[in-house]
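Enquirer: starting from these lines, generate the structure:
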Amino acid sequence: MTLSFNAWGWYTGHEQFISNLVVAQIAPAPQTGSLQVTISPAAAIAAGATWQVDGGIPQSSGATVSNLSVSNHTVSFNSVSGWMTPSNQTVSVSANSTATATGTYVAIAQTGSLQVTISPASAMTDGAKWQVDGGTFQNGGATVTNLLVTNHTVSFSAISGWTTPANQTVFVSANTTTTVSGTYVPSGPAGSLEVTIVPAAALTAGARWQVDDGTWQNNGATVTNQSVGHHTVSFNTVSGWTTPSNQTVSIKAKAVARTKGTYTFSAQGIYNGLFSNTNGVSEETAGMMSGLDVTASGTYTGKLLIGGGAHAISGGFNVSGVGSNYVQRTAKQGGPLTLLMTLNWNDSPPYITGTVSGSNGAWIANLTNELAVKEASSAEYTAWVAPELNGSPPGYGYMLMTNHKGDFTLSVTLADGTSFSQAVPVSGAGVLPVYGNLYGGMGLLLGWIGLESGSPAGNLAWIKPTSRSTALYTNGFTNLVAVQGSPWTNPLPHTAAIDLPSGQLAIAGESLRTNLTFNVAVSNNNALVKLAGSPTNSLTGSINPKTGLLTVTFGNGAGRATTAGKGAVLQHETNAAGFFLGKTNAGSILLQP
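Expert: Residues are numbered from 1 along each chain as shown. Below is the predicted model:
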């Protein structure tokens, strides 16, 4: 093929080729348009409202986005707290023009609450109420919820004898409780009010009264110019005293209304306790505070037991909870006593501490008194008074106890045969004071038994003086003995009190030629049955199914002579223990699996 060129060196061949080349070089560019979006209202814009096209860059209200393709586009809006977001919009953009769109946010209604208090209290007693924006009347202190965030009007009801508070305009803020108050003022004819307070001890402690939350008044004061209608009398709080309840008093025109407030002693009740010298228990310096009755007016009466004597005491506690007594005793009785007590009324339960001291402070004993309580249930117990290790007497004394709804009776037999009984309430702290005045006022049994665990337990001081009036332990002794007990439940008929098909009954001490160990069982009629392998000595015994008392009679090895002993069964331990007496000393009895 031959190519032709013009004068300038250009190819001048095929015309169609040139034509196609020119057309390809001058093809038109793609067409575009713009988009402008406005947002309303201005508050939404101020809160941060923006828009975007096709998920692009967020734009402010009124902004224009250019170079958008000629087609449909999606306009969306961001979320703004407190506003409903406009729905997405599809907008058609035309070539060389600006499309427009508008997004309208809608405010979400915000709410708050309103609480209105009314004073004085006597106005509410007479029927004072409030309402918001003319709605339902509310009691003072009530709260109305779901109120729009805006100004609201609070108004008050009209009641006879009172000037109604003026209406109030209150702005309720979002998500909070706005509080306001309305004060009624007495109107119309006036009367007076006089209030008395009893007892005198409460007045000494600072008892006072007030009307409608006004100025505090003393006992017997009269407050004048009180509006006709109902008023509230209240009383102040006084340490150690229970405050009287508020009273509603009706005031009449030109008349004096009278009422009375009675304080009661917060720590009233019956207290029982013990006192002993810190240097050691002795019959001359130890004893019991029995039945100290503290009354509602703060006075007390009771007895101080010491050295075989019972000395009456009475008085009252001062504002600090302190009471004192001087007990006149003869020199033969041991001389006068001084009693100091402090009532710890802020403790629960309250209790009394103090001292008992001899003449001119010759000795000082510490005193603890516990408050007695009533209980809903009753129970019975058995207990041993276990012997001191290597001490005398070697046998086990025993106790039979009954707790009838807090009233405790105690029957004690000690291992030298001495017995006494005591009736005393159990305390709120779960302890029982034990005081036995023994041997003609010359000896004692003293200590606390705890019942917190459900079984009696504690330590007791047992003092027997030197004496020739009995052949047993003439030199006397001072022992610290342990109480170990168990609840007692009466067995069913034809049922053994303890399950002991095979056990040992050990008898030792006194003047036995040899200690005895019997193989025994407890039958279903609660008799001791002698089993094979036992000594030839005679043996009978039984358990009282109603009390838990163990009785044993055995041949002591001196011909046909027999010796009797007694003790108590501990059901929870499945064993029993007791003692028997000889001419000059005692022996022990122990039944165990």
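Enquirer: going by C-alpha atoms from here, please, whenever you check contacts or count neighbours.
Expert: Fine.
Enquirer: what about the helices in the stretch 201-350 of the chain?
Expert: Under the criterion DSSP state H, counting those that start in this stretch, helices are not mapped anywhere in the stretch 201-350 of the chain.
Enquirer: residue ranges for the strands of it, please.
Expert: Under the criterion DSSP state E, counting those that start in this stretch, the stretch 201-350 of the chain carries strands at the ranges 209-211, 222-227, 229-235, 241-242, 247-251, 256-262, 264-265, 269-277, 287-294, 299-306, 309-316, 322-327, 337-344.
Enquirer: Thr574: which of these is closest?
Expert: strand 269-277 (32.7 Å; C-alpha to C-alpha).
Enquirer: give me the mean pLDDT for that closest one.
Expert: For strand 269-277, mean pLDDT rounds to 95.
Enquirer: now the strand ranked longest in the chain - C-alpha only, CSV.
Expert: Secondary structure of the chain per DSSP state E: the longest strand is strand 477-488. Extracted C-alpha coordinates of strand 477-488, given in CSV (Å, rounded to 0.1, in the frame of the first residue of the first chain):
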residue,chain,number,x,y,z
PHE,A,477,-12.7,-25.8,151.3
THR,A,478,-12.8,-23.2,148.5
ASN,A,479,-13.4,-24.8,145.1
LEU,A,480,-13.9,-23.7,141.6
VAL,A,481,-16.4,-26.2,140.1
ALA,A,482,-17.6,-26.5,136.6
VAL,A,483,-21.3,-26.8,135.5
GLN,A,484,-21.9,-29.1,132.6
GLY,A,485,-25.5,-29.6,131.4
SER,A,486,-27.9,-30.8,128.8
PRO,A,487,-31.6,-30.1,127.8
TRP,A,488,-33.9,-32.7,129.2
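Enquirer: which residues does Pro349 contact?
Expert: Pro349 sits next to Leu371, Gly428, Ala429 when contact means C-alpha atoms under 8 Å, 6 or more residues apart in numbering.
Enquirer: can you put these in TSV and add secondary structure?
Expert: Shown next, in TSV, are those (DSSP: H, G, I helix; E, B strand; the rest coil):
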residue	secondary structure
Leu371	strand
Gly428	coil
Ala429	coil
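Enquirer: quick one: which of these has the most company?
Expert: Among the contacts of Pro349, Leu371 has the most neighbours (other C-alpha atoms under 10 Å), with 27 neighbours.
Enquirer: contacting residues around it?
Expert: Leu371 touches Gly269, Ile270, Tyr271, Asn272, Pro349, Pro350, Tyr351, Ser427, Gly428, Ala429, counting by C-alpha under 8 Å, 6+ apart.
Enquirer: ok, the residue nearest to the first one when sequence neighbours are not counted - how many residues close by?
Expert: Closest residue to Gly269 in three dimensions, ignoring its sequence neighbours and counting by C-alpha to C-alpha, 6 or more residues apart in numbering: Val294, at 5.2 Å. The tally of other residues near Val294 (other C-alpha under 10 Å) stands at 24.
Enquirer: do the same with Ser453
Expert: Other residues close to Ser453 by other C-alpha under 10 Å number 9.
Enquirer: and the gap between it and Ser486?
Expert: 10 Å (C-alpha to C-alpha, to the nearest Å).
Enquirer: returning to that earlier point: the strands of the stretch 201-350 of the chain into TSV, with extra columns for distance to Ser502?
Expert: Below are the strands of the stretch 201-350 of the chain laid out as TSV (distance: least, C-alpha to C-alpha, whole Å):
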stretch	distance to Ser502
strand 209-211	74
strand 222-227	83
strand 229-235	70
strand 241-242	60
strand 247-251	72
strand 256-262	66
strand 264-265	58
strand 269-277	43
strand 287-294	44
strand 299-306	47
strand 309-316	49
strand 322-327	58
strand 337-344	53
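Enquirer: sorry, back to before: so what pairs up with the residue nearest to Gly269 in the strands?
Expert: Under the criterion DSSP bridges, Val294 forms beta bridges with Gly269, Tyr300.
Enquirer: quick one: it from Thr262, how far?
Expert: 16 Å.
Enquirer: same deal with Ser250?
Expert: Distance from Ser250 to Thr262, by C-alpha to C-alpha: 19 Å.
Enquirer: Leu35 falls within a strand, correct?
Expert: Yes. Judged by three-state DSSP, Leu35 forms part of a strand.
Enquirer: next, the contact list for it, please.
Expert: Contacts of Leu35 (C-alpha under 8 Å, 6+ apart): Thr64, Val65, Ser66, Leu68, Val93, Thr98, Ala99, Thr100, Ala101.
Enquirer: how about Thr169?
Expert: By C-alpha under 8 Å, 6+ apart, the neighbours of Thr169 are Asn151, His152, Thr153, Val154.
Enquirer: give the pairing partners of the host helix or strand of it; include direction for each.
Expert: With secondary structure defined by DSSP states H and E, Thr169 is part of strand 168-171. Strand 168-171 has its sheet partners listed here by DSSP bridges as strand 151-156 (antiparallel).
Enquirer: the strand it pairs with - what's its average pLDDT?
Expert: pLDDT averaged over strand 151-156 gives 96.
Enquirer: quick one: residues in contact with it.
Expert: By C-alpha under 8 Å, 6+ apart, strand 151-156 touches 128-134, 164-172, 182.
Enquirer: I'd like to know which of those are buried.
Expert: Buried by 16 or more other C-alpha atoms under 10 Å: Ala128, Lys129, Trp130, Gln131, Val132, Thr164, Pro165, Gln168, Val170, Val172, Gly182, out of the contacts of strand 151-156.
Enquirer: and of these, the nearest to Val412?
Expert: Closest to Val412, out of all of these and judged by C-alpha to C-alpha, is Ala128, at 67.9 Å.
Enquirer: next one: the closest one from Thr562, what distance?
Expert: 91 Å.
Enquirer: tell me what Ala508 is bridged to.
Expert: Residues in beta-bridge contact with Ala508 (DSSP bridges): Ser588.
Enquirer: do you know how far it is from Ala586?
Expert: 9 Å.
Enquirer: who has more neighbours, those two?
Expert: Higher neighbour count among Ala508 and Ala586: Ala586, with 24 against 21, using other C-alpha under 10 Å.
Enquirer: so what's the nearest residue to Ala506 once chain neighbours are set aside scoring on pLDDT?
Expert: Excluding its sequence neighbours, the residue lying closest to Ala506 (C-alpha to C-alpha, 6+ apart) is Thr517, at 4.4 Å. With respect to pLDDT, Thr517 scores 96.
Enquirer: repeat that for Phe17.
Expert: 42.
Enquirer: geometric centre of this structure: which residue is closest?
Expert: Ser348 (9.3 Å; C-alpha atoms, centre = their mean).
Enquirer: so which residues of the stretch 1-150 of the chain form helices?
Expert: For the stretch 1-150 of the chain, applying DSSP H, counting those that start in this stretch gives helices covering 15-25, 42-46, 121-125.
Enquirer: Tyr184 and Val154, how far apart?
Expert: Counting by C-alpha to C-alpha - Tyr184 and Val154 are separated by 14 Å.
Enquirer: wouldn't Ser534 be in contact with Thr517 here?
Expert: Yes. Assessed by C-alpha atoms under 8 Å, Ser534 is found in contact with Thr517 at 6.8 Å.
Enquirer: and the residue nearest to the centre of the chain, its phi and psi?
Expert: phi -130, psi 110 (degrees, to the nearest 10).
Enquirer: phi, psi of Asn515?
Expert: According to degrees, to the nearest 10, Asn515 has phi -60, psi 150.
Enquirer: how about the nearest residue to it, chain neighbours excluded?
Expert: Ala508 (4.7 Å).
Enquirer: what's the answer for Ser357, then?
Expert: Using C-alpha to C-alpha, 6+ apart, the closest residue to Ser357 is Ile364 (4.2 Å).
Enquirer: contacting residues for that neighbour?
Expert: Ile364 touches Asn277, Thr278, Thr285, Thr355, Val356, Ser357, Gly358, counting by C-alpha under 8 Å, 6+ apart.
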